[in-house]
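> Make a model of this:
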Amino acid sequence: MGLLAAVTGVAATGCRAWAATTERVVVDRFTGLAVGGMDPVAYFTEGRAVPGRADLEASVAGAVWRFRNDDNRGFFLAHPEIYGPQFGGYDPVDVARGVTVAGRPQVWLVTGQRLYLFSRIESRDAFAADPVTVLQEARARWPLLRDALAQ
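Residues are numbered from 1 along each chain as shown. Alright, predicted model coming up:
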């Protein structure tokens with residue numbers, strides 16, 4: 001019984017720690033990497049999540065970004081507002097509801113020439129079904145949510 005309580009307590013703490021992300025750009029709290037170390041430009045050029053290289057990094061907006069090649073690094077540095085995930089990598093469906101939940105690099109969608117990360121597949125599917133409505137609400141709520149996050 002004591003072991004079950006300990007395991008349950010650790011699991012619950014882990015969930016709270018992940019949900020308590022307070023940065024304006026979602027980063028791994030141990031590595032400082034944005035998008036889980038995936039190359040953000042590759043979502044556009046290759047249509048998939050591709051790991052970036054440790055020797056091809058750049059620091060932008062308080063996060064470390066990794067890239068697959070020099071060209072992708074250059075594209076990102078020229079236009080981080082295009083290639084970086086929208087809403088700082090927070091799930092736009094949750095942002096539309098008024099909360100910040102970190103998106104996962106494996107659950108993503110590029111639409112309207114922008115990258116969106118989602119916390120779960122159901123959010124991505126809801127967004128894909130009606131992106132205009134979700135984005136309208138998320139954009140309205142994002143400034144207040146963003147301002148409440150640490151820089």
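> Now the helix or strand containing Trp108: buried residues?
For Trp108, the host element (DSSP states H and E) is strand 104-111. Judged by neighbour count (16 or more other CB atoms under 10 Å), strand 104-111 contains these buried residues: Arg104, Pro105, Val107, Trp108, Leu109. To be clear about C-beta, it is placed using only N, CA and C from the backbone, and glycine gets the same treatment.
> just stretch 135-151 next, same as before
Leu135, Glu137, Ala138, Arg141, Trp142, Leu145.
> pretty sure the fourth one belongs to a strand, no?
No - when classified by DSSP: H, G, I helix; E, B strand; the rest coil, Arg141 is found to be helix rather than part of a strand.
> Tell me if I'm right that it and Val95 touch.
Yes - with contact taken as CB atoms under 8 Å, Arg141 and Val95 are classed as touching, separated by 5.9 Å.
> For Met38, give its distance to Ala102.
14 Å (CB to CB, to the nearest Å).
> do the same with Ala63
Relative to Ala102, and taking CB to CB, Ala63 is found at 12 Å.
> same deal with Ala148?
Going from Ala148 to Ala102 by CB to CB gives 15 Å.
> cool, Glu137 as well?
In terms of CB to CB, Glu137 sits 19 Å off from Ala102.
> Then Ala42?
Applying CB to CB to Ala42 and Ala102 gives a distance of 20 Å.
> Repeat that for Ala126.
Distance, Ala126 to Ala102, using CB to CB: 17 Å.
> about what we covered before: so which elements touch the strand holding Trp108?
Contact here means 3 or more CB pairs under 8 Å, 6 or more residues apart in numbering; DSSP states H and E; on that basis strand 104-111 packs against helix 42-45, strand 114-118, helix 121-129.
> average pLDDT for it?
On average, the pLDDT along strand 104-111 is 97.
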